[in-house]
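J.: Return a 3D structure for these sequence lines:
(2 chains)
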Amino acid sequence: MNHWLSLKEVADVLGRFGPGEQVRSNRIRITMEPSAIRDAVKAAQEKLSCERLIAISTADNGRTLELIYHFTGPHRTVVSLATWLPRDSPETETVSDILPPAGIYERQIHDLFGIAFRGHPGLNRLMLNEDWPEGEYPLRKDWEQVKGRFYGGIRKEEQPHG
Amino acid sequence: MSGVAGSLSGKLVHWARMKSPWVTIFNSGACNACDIEIIACLMPRFDVERFGILAKGSPRHADILIVTGRVTRKQASRLRRVWEQMPEPKYVIAAGACGAGGGVFEGLYHVLEGPGSVIPVDIYLAGCPPRPDEIINAVVACLGLMEQDAAHGGREWRRQKSGNADQGSREAPGVTT
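T.: This next block holds a predicted model:
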């Protein structure tokens, strides 16, 4: 395959999950419900040869947390599967079992945005330090550093004097 | 033990240390530009090895620790451990705008208030990144500091002089406490 996928080709396979839009000439975005992501990933892998995961990106738009899975393949088209999660209890199904490279992205997103991925085999800390307080997600828009609170590193009393 | 101040062996050790300070480099979360400039010091154009300044891989062999970057929370305990492994007398240079004054990382969630909040820093070296000449200048200034400390019998005199060593070192750009 050496031509870019058209919106119609993608919509034929993924159209049943949600509306698609052509963002740029080689970028197609499908927006869907969180529960449809696993099936959509499988369909994109099998029918559109979207076998390469570029990244899973997350954006906090103030109302919801957007979760976008970017795929590509030999056709060099970027197919993005977008979904959104509520801010108060962001939780979704993992895709790391059908798409192994997604596992490390999910750990990162769990760390920085606090999205829980059900079924992930080891949702441990990845980016933040080991002694970072639980329940603090620094990349959320409403997160603010509390003065005087310990976020890890060296405690005040352990610091050198002079 | 050799190296007692005033004895012949002590004088010999002091002479050897002044003639050939060994440095070790620690990147505590910098963008790597400072590290590249430090490596440039070691390369033929500047070639600090002709002055006896050697870059060592192990902190256990080093007299001077050059810290680059605004210590991240993850690196803080590692930096402390590297510093603890160095033999006395040990000196620390905080290199670059980030290490010396915060740089673009100041106040972010993943960084501490600089290397000075983890280990005692002797010299702050400004620049983003500092030129190799400035790095050499900082090491030479550190040697001057070593000389003064040896004459005063330790580094205690500096704390008494300035009250707060950390503040005193920020007064002169790139040079001494």
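
J.: Check the offset of the longest helix seen in chain B from the chain's centre.
T.: In chain B, assigned by DSSP state H, the helix with the most residues is helix B:132-152. Relative to the mean C-alpha coordinate of its chain, helix B:132-152 is positioned 9 Å out (CA atoms, centre = their mean, to the nearest Å).

J.: Any idea what the residue nearest in space to the middle of chain A is bridged to?
T.: Centroid check for chain A by CA atoms, centre = their mean gives residue A:56 as the closest residue, at 3.7 Å. Beta bridges link residue A:56 to residue A:69, judged by DSSP bridges.

J.: Show me the strands in the chain, by range?
T.: In the absence of a named chain, chain A is used. Assigned by DSSP state E, the strands in chain A fall at A:20-24, A:27-31, A:52-60, A:64-72, A:78-86, A:91-93, A:116-118.

J.: other chain: chain B
T.: According to DSSP E, chain B carries its strands in the segments B:22-27, B:54-55, B:64-68, B:91-95, B:123-125.

J.: residues touching residue B:85, list them.
T.: B:59, B:60 (CB atoms under 8 Å, 6 or more residues apart in numbering or on different chains). No exception for glycine: its C-beta is placed from N, CA and C like everyone else's.

J.: can you give me the end-to-end distance of stretch A:115-125?
T.: End-to-end distance of stretch A:115-125 (CA to CA, to the nearest Å): 13 Å.

J.: How about that stretch, which residues are buried there?
T.: Residues of stretch A:115-125 classed as buried: A:115, A:117, A:120, A:123 (neighbour count, 16 or more other CB atoms under 10 Å in any protein chain shown).

J.: count of residues packed around the closest residue to the second one other than its chain neighbours?
T.: Read it as residue A:117. Distances taken as CB to CB, 6 or more residues apart in numbering or on different chains place residue A:94 nearest to residue A:117, at 4.1 Å, with adjacent residues excluded. For residue A:94, the number of neighbouring residues by other CB atoms under 10 Å in any protein chain shown comes to 19.

J.: Now do the same contact list for residue A:94.
T.: Shown in contact with residue A:94 (CB under 8 Å, 6+ apart): A:102, A:103, A:106, A:117, A:118, A:119, A:120.

J.: any idea of the pLDDT on it?
T.: Note for residue A:94: predicted pLDDT of 91.

J.: Phi and psi next, for it.
T.: The phi/psi pair for residue A:94 (degrees, to the nearest 10) reads phi -70, psi 150.

J.: Check the burial of residue B:34 by counting its neighbours.
T.: Count around residue B:34 with other CB under 10 Å applied: 26.

J.: Which positions in chain B make contact with chain A?
T.: B:71-74, B:76-77, B:80, B:107, B:109-110, B:112, B:116-120, B:159, B:164-166 (CB under 8 Å from any CB of the partner chain).

J.: What's the PyMOL line that selects buried ones from the residues you listed?
T.: Only the buried entries of those go into this PyMOL selection, using 16+ other CB under 10 Å:
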select buried, chain B and resi 71+72+73+74+76+77+80+109+110+112+116+117+118+119+120+159+165+166
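
J.: could the contacts of residue A:94 be laid out in JSON lines, adding distance to residue B:148 and pLDDT?
T.: Below are these laid out as JSON lines (distance: CB to CB, whole Å; pLDDT from 0 to 100):
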{"residue": "A:102", "distance to residue B:148": "58", "pLDDT": "90"}
{"residue": "A:103", "distance to residue B:148": "55", "pLDDT": "91"}
{"residue": "A:106", "distance to residue B:148": "55", "pLDDT": "92"}
{"residue": "A:117", "distance to residue B:148": "58", "pLDDT": "91"}
{"residue": "A:118", "distance to residue B:148": "63", "pLDDT": "90"}
{"residue": "A:119", "distance to residue B:148": "63", "pLDDT": "90"}
{"residue": "A:120", "distance to residue B:148": "57", "pLDDT": "89"}
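
J.: Cross the residues you listed against helices and list the overlap.
T.: Short answer: these in helices (DSSP H) are A:102, A:103, A:106.

J.: For those, pick the one with the most neighbours.
T.: Neighbour counts for the ones in helices among the contacts of residue A:94 peak at residue A:106, which has 23 neighbours (criterion: other CB under 10 Å).
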